[in-house]
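K.L.:
Return a 3D structure for these sequence lines:
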Amino acid sequence: MKFAFVTCVQIGLSCMEAIYNIGGKLDLIISIPDEKSKKKSGRIYVDDFAEKNSIPVIKSNHINDSEAIEAIKVHNIDWLFIIGWSQIASKEVIETPNLGAIGAHPTLLPVGRGRAAIPWAIIKGLDKTGVSFFKMDEGVDTGLILGQEEVPINIDETALTLYNKINKAHETLIKRLFTDIQNNKIKGTIQDESKATYWEGRKPKDGELLLTMTVNETDRLVRATTKPYPGAFIIRDNQKVIIWKGFKSNKKLESNIFHEIILEDGFFYATNYEVRDITSIK
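P.N.:
Numbers count the residues shown, from 1 in each chain. You can find the predicted model right below:
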């Protein structure tokens, strides 16, 4: 059975390494050109891993480009993993592998289809999320569920700590799934559409803190948008205060060490923040 992998981020590399850790093998890697998306969160380069394991690599601007599709055909790929890849694969790409294409999404589908799953899980105050692997179809995150791994969310979880948990869950899940595929034991489960939700994409401006927010809303937004994301911020006196970390308090502190935000139901104190002149960031 022949496998190919499409990725350009750390989660994808972690999955490929996990496959080799259990004695698996890949027959093709598709990634993006080196000069593209250099500032993308978690961006990686596959060359060293591919060279070490003698895996052919092609780099394409879009997974739907003819060169990517032709490579899948030439290498006679049975299963195509597309993980850590924001471009939507066309029907032609999905149907080119002999047996199908497998995607991954960092929620317990059908909950949280869409984008920005890690920040949204924290902003919404969930106590758990997860990773779902699914057989791709023409919809977005709608295919047959092939496996899921639950991930608990702590009350002080940040985007970075949750990303690391999600990364680990991908490794665990792909080891199990890859073994099942090789042993012809995979089963697909239809998603329950009555439970489906969709989370919109997020932009840096969505991290703005408002004084009308509650303390808990502020705390969750700070934790959800901290590094590697652009950060929560508040605009004051022509300055943008970007807050990476802080704590909530129900009483005012007599200290100038922290940046204080007075909210309707309490206080939030930034312990790690930076101040930028607005004119310098336009």
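
K.L.:
does Phe178 really touch Gly24, like I thought?
P.N.:
Yes. With contacts counted by Cβ atoms under 8 Å, Phe178 reaches Gly24, the gap being 5.3 Å. Heads up, the C-betas are built off the backbone N, CA and C, glycines and all.

K.L.:
all helices of the stretch 101-250 of the chain, in order?
P.N.:
For the stretch 101-250 of the chain, the helices defined by DSSP state H, counting those that start in this stretch occupy 117-123, 159-182, 215-225.

K.L.:
Any idea how far apart the tips of stretch 24-40 sit?
P.N.:
Stretch 24-40 has its terminal residues 28 Å apart, counting by Cα to Cα, to the nearest Å.

K.L.:
do stretch 135-150 as well
P.N.:
Length of stretch 135-150, first residue to last, Cα to Cα: 19 Å.

K.L.:
shouldn't Asp141 be in contact with Gly103?
P.N.:
Yes. Counting by Cβ under 8 Å, Asp141 touches Gly103, with 7.3 Å between them.

K.L.:
buried stuff in stretch 207-227?
P.N.:
207, 209, 213, 215, 217-226 (16 or more other Cβ atoms under 10 Å).

K.L.:
same check, this time on stretch 31-50
P.N.:
Of all the residues in stretch 31-50, those buried under the rule 16+ other Cβ under 10 Å are Ser31, Ile32, Gly42, Ile44, Val46, Phe49, Ala50.

K.L.:
Likewise for stretch 268-281?
P.N.:
By neighbour count on 16+ other Cβ under 10 Å, the buried set for stretch 268-281 is Phe268, Tyr269, Ala270, Tyr273.

K.L.:
Pretty sure Leu177 sits against Gly147.
P.N.:
Yes. Here Leu177 reaches Gly147: they are 4.9 Å apart, a contact under Cβ under 8 Å.

K.L.:
related to what we said a few turns ago, and of the buried residues of stretch 207-227, the nearest to Pro97?
P.N.:
Pro97 has its nearest neighbour among those in Ala224, at 35.3 Å by Cβ to Cβ.

K.L.:
what about the closest one, distance to Trp120?
P.N.:
Look at Ala224 and Trp120: by Cβ to Cβ, to the nearest Å, they are 8 Å apart.

K.L.:
Ok, Glu150 next?
P.N.:
17 Å.

K.L.:
Three-state assignment for the residue of the chain most remote from its centre, please.
P.N.:
Ranking residues of the chain by C-alpha distance from their mean position (Cα atoms, centre = their mean) puts Glu254 at the top, at 39.5 Å. Secondary structure state of Glu254, per DSSP: H, G, I helix; E, B strand; the rest coil, is coil.

K.L.:
Quick check: Met16 touching Ile30?
P.N.:
No. Contact criterion Cβ under 8 Å: Met16 and Ile30 do not qualify, at 11.8 Å.

K.L.:
okay, now Val93: neighbour count?
P.N.:
By the measure other Cβ atoms under 10 Å, the count of residues near Val93 is 23.

K.L.:
Give the bridge partners for Ala104, please.
P.N.:
Judged by DSSP bridges, the bridge partners of Ala104 are Phe133.

K.L.:
In this structure it contacts Thr172, no?
P.N.:
No. Ala104 is beyond contact range of Thr172, at 12.0 Å (criterion: Cβ under 8 Å).
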